[in-house]
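>>> Predicted coordinates and the sequence they were generated for:
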Amino acid sequence: MNRQEAEKRIETLREELDRYNYEYYVLDHPSVSDAEYDKKMQELIELEEKFPELVTPESPSQRVGGEPLDAFEKVQHTIPMLSLGNAFNEEELRDFDRRVRDLAQSDYSYVCELKIDGLAVSLRYENGVFVQGATRGDGKTGEDITQNLKTIKSIPLKISQQETIEVRGEAFMPKKSFVALNQAKEEKGENLFANPRNAAAGSLRQLDPKIAASRNLDIFVYSVGQWEAGNLSTHSERLDYLKKLGFKTNPEWKKCKNIEEVIEYVKGWTEHRSDLSYEIDGIVIKVDQIDVQDKLGFTAKSPRWAIAYKFPAEEAITRLKDIELSVGRTGVVTPTAVLEPVQVAGTTVQRASLHNEDLIREKDIRIGDTVVIKKAGDIIPEVVRVIMDERTGEEEEYFMPRECPECHSELVRLEEEVALRCINPGCPAQLREGLIHFVSRDAMNIDGLGEKVIAQLYHANLVHTVADLYKLDREELLKLERMGEKSVQNLLNAIEASKENSLERLLFGLGIRYVGSKAASTLAEHYRHIDSLMKADRDELMAIQDIGEKMADSIYRYFQEPHVQELIQQLKELGLTMEYKGLTSEEVAQDSPFSGKTVVLTGKLEQFSRSEAKKKIEALGGKVTGSVSKNTDLLIAGKDAGSKYDKALQLGIEIWDEDKMLEVLGE
């Protein structure tokens, strides 16, 4: 391919990939499979490597994160990014409306928007191309975080019009990403983020853009800053225009004729805020008409035409009865507060993680204290503070033990970790947790082997390693409590069936540090057989996409351990599959009945859980979404399918029952 041909092909690929990104990350209606997207992205990267002079900043290939920065440059905001005044109740909202009415002296209405709990940012486009992104900072001066913002795939690198415009939005971390990030940090013994807002801000202020790229951030754009060509007369028209340009705007905004409608909107979202997949901390109310905004003007700190209603804090007061310890499968010892039951954010909370000894010291938490608790990100219960005035003097100061509560080995604090860790590989708690992980749904998926059964088998001295599961004797099992003929036979059948699992399930089940289910699939597809993986060195592992230095080092060290090599040999002799049975990405794209299709699941499935069905479809190149639209290719309907089924019928979308899905999957 010559330069002219390459330039033409690169332009085509960029247009296609920009469209795919928009469909996936903004519209949530992808038109191609992940495999097809990856194939075209790889082709673009290879062409740009061959013709580096054709690389441009707005190319989709530039989202992965470049070289680490030494420091952030300062950015002066042409139009200040002012903060908003706050209202905390209905009376203060009415006072705001009264002030607007007195100053406006003309008709006006409002626009209400969800107040996303994230980091305010400014995005500047010149001739339609994203050239600079900055933090709010003090409102006048922010920091240049362009490279980090480029890693957010819902931010367009090029918009649909070749104009110069600055827009403003809120970058945030979805709840699901926040939970996954904190679980990973706790597993590593690192300090946890307090909430999704801190996690998003911390991610965007990393000097290494690759860290930001790994955090799965998102954004909603909510206003225009500097825009010389702007001639729209209302804020609501501007929101519509931003969406037309290709920006992701929050779909829940609403025009309200008067303050009564505003208050109804506020009440509705105060009640339903926990239903969202991202965190909000209030509602922003703005005068819709731009000429009225201009008339109202600004105070020194905030606009007079907008206000932020702040939700009341979801906190509760209870008593901390005790502190218990648990040992995870990697040896991290985690203290947990045992609480008198209390209602928080719609659920009864009886336990809250205290994370580590440093946090207990910092907050001076003692057994018997009266404490304030909340759910971090409306998800994870945590102790916020102690109510010192309630202390009687009978509270007990708590000190973490120096020995493991399970095996009594000395606990250690590894370099750069805040957690205490038991490093005894024979620790019973680690062995039990490792067994529970091995049989879990995303690993070997052995039905009937829950936590209680694993504990029962362990205490009966029947299992200590995962290999022991495949040596269980029928007669020994029948001697255990609640183990009848049928349950024993079902358990043995499930264990035997798990021997046929593809390699990626075994790799995930082994619990190699830093290796999640996605990395396990990547390794299995790449090496095809466990013997090849066991021979790989660090450099070879690091050459695989998505396998970083820490993970590569962990994998290499794991397979160098003599007891691991012995375990793998035992599992081979016991008949477990050591090969990858899945399709390659290329095979998926060519042969899969789901390749490139957008699929919706509805109703009750009997042969799969919803997450299992989703994984199977995605593994075969399909994309599972939550709602039926004209972009849906296929609906899979279980029992009691409702409105999604009816809508699919109306739109003429192909509908399968679960039997049809099983037939297509060959199961």
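Arrived safely. None of the values given here were measured: they were computed from a predicted structure.

>>> Select the longest helix from the chain.
If each helix of the chain is counted by residues according to DSSP state H, the longest one is helix 3-21.

>>> Output the contacting helices and strands for the helix or strand following that one.
Counting by DSSP states H and E, the next helix or strand C-terminal to helix 3-21 is helix 34-50. Applying 3 or more C-beta pairs under 8 Å, 6 or more residues apart in numbering; DSSP states H and E, one finds that helix 34-50 makes contact with helix 3-21, helix 585-591. All C-beta spots, glycine's among them, are computed from the backbone N, C-alpha and C.

>>> thought residue 386 was touching residue 371?
Yes - applying C-beta atoms under 8 Å, one finds residue 386 in contact with residue 371, separated by 5.5 Å.

>>> low-scoring pLDDT stretches of the stretch 301-450 of the chain, where are they?
Scanning the stretch 301-450 of the chain for pLDDT under 70 picks out 313, 345-347, 376-379, 416.

>>> which residue ranges form the strands in it?
Counting by DSSP state E, counting those that start in this stretch, the segments of the stretch 301-450 of the chain that form strands are 306-310, 315-327, 332-344, 347-353, 366-367, 370-376, 380-386, 396-397, 411-412, 420-422.

>>> What lies in contact with the second one?
In this structure, residues lying in contact with strand 315-327 by C-beta atoms under 8 Å, 6 or more residues apart in numbering are 333-344, 349, 354, 360, 365-374, 383-384, 387, 398, 400-401, 404-406, 422, 427, 429-430, 433.

>>> if we go to 7 Å?
333-340, 342-344, 354, 365, 367-374, 384, 387, 398, 404-406, 422, 427, 429-430 (C-beta atoms under 7 Å, 6 or more residues apart in numbering).

>>> now stretch 631-644, how far from the centre of its chain.
Taking C-alpha atoms, centre = their mean, to the nearest Å, one finds the center of stretch 631-644 at 26 Å from the center of the full chain.

>>> First-to-last residue distance for it?
Terminal residues of stretch 631-644 lie 13 Å apart, using C-alpha to C-alpha, to the nearest Å.

>>> Can you list the low-confidence ranges for the stretch 551-667 of the chain?
In the stretch 551-667 of the chain the weaker segments, taking pLDDT under 70 as the threshold, are 583-591, 666-667.

>>> Correction: the previous question concerned the stretch 151-300 of the chain.
When the per-residue scores of the stretch 151-300 of the chain are filtered using pLDDT under 70, the ranges that remain are 189.

>>> Going along the chain, name the helices of it.
Shown for the stretch 151-300 of the chain, the helices assigned by DSSP state H, counting those that start in this stretch span residues 175-187, 196-204, 209-213, 235-245, 259-272, 290-296.

>>> Show me what the fifth one is packed up against.
Here helix 259-272 is seen to pack against helix 90-104, strand 110-116, strand 254-256, strand 280-287 when contacts are counted using 3 or more C-beta pairs under 7 Å, 6 or more residues apart in numbering; DSSP states H and E.

>>> Comparing residue 386 and residue 371, which residue is more hemmed in?
Neighbour count, other C-beta atoms under 10 Å: between residue 386 and residue 371, residue 371 has more, with 23 against 18.

>>> Measure how far stretch 131-150 is from the centre of its chain, please.
Here the centre of mass of C-alpha atoms in stretch 131-150, compared against the chain's by C-alpha atoms, centre = their mean, lies 23 Å away.

>>> How about stretch 143-152?
Distance of stretch 143-152 from its chain centroid, counting by C-alpha atoms, centre = their mean, is 19 Å.

>>> Which phi and psi values does the closest residue to residue 579 other than its chain neighbours adopt?
In space, residue 579 comes closest to residue 529 once its chain neighbours are excluded; the distance is 5.3 Å by C-beta to C-beta, 6 or more residues apart in numbering. Here is the backbone geometry of residue 529 (degrees, to the nearest 10): phi -140, psi 140.

>>> is it true that residue 529 touches residue 578?
Yes - look at residue 529 against residue 578 with C-beta atoms under 7 Å: they come within range, at 5.9 Å.

>>> These two: who's more crowded?
Ranked by neighbour count (other C-beta under 10 Å), residue 529 and residue 578 place residue 578 first, with 17 against 13.

>>> Hmm, the more buried one is touching residue 572, no?
Yes - under the contact definition of C-beta under 7 Å, residue 578 touches residue 572, with a separation of 6.1 Å.

>>> and residue 551, which of the three is it?
Secondary structure of residue 551, reduced to three states by DSSP: H, G, I helix; E, B strand; the rest coil: helix.

>>> ok, how many other residues are close to the nearest residue to it once chain neighbours are set aside?
Of all residues beyond its chain neighbours, the one nearest residue 551 is residue 514 (4.4 Å), with distances taken as C-beta to C-beta, 6+ apart. By the criterion of other C-beta under 10 Å, residue 514 has 18 neighbours.

>>> And residue 514, how far from residue 211?
15 Å (C-beta to C-beta, to the nearest Å).

>>> now swap in residue 433 and tell me
Distance check for residue 433 against residue 211: by C-beta to C-beta, it reads 28 Å.

>>> give me every residue that touches residue 433.
Taking C-beta under 7 Å, 6+ apart, we find residue 433 in contact with 328-329.

>>> Sorry, slip of the keys, the one I care about is residue 118.
For residue 118, the residues meeting the contact criterion (C-beta under 7 Å, 6+ apart) are 170-172, 197, 200.

>>> Neighbour-wise, give me the winner out of those.
Using other C-beta under 10 Å as the contact criterion, the top neighbour count among these goes to residue 200, which has 31 neighbours.

>>> contacting residues for it?
Taking C-beta under 7 Å, 6+ apart as the criterion, residue 200 is in contact with 118-119, 171-173, 217.

>>> mind putting these in TSV, distance to residue 55 included?
Conversion of the contacts of residue 200 to TSV gives the following (distance: C-beta to C-beta, whole Å):
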residue	distance to residue 55
118	30
119	29
171	25
172	30
173	29
217	24
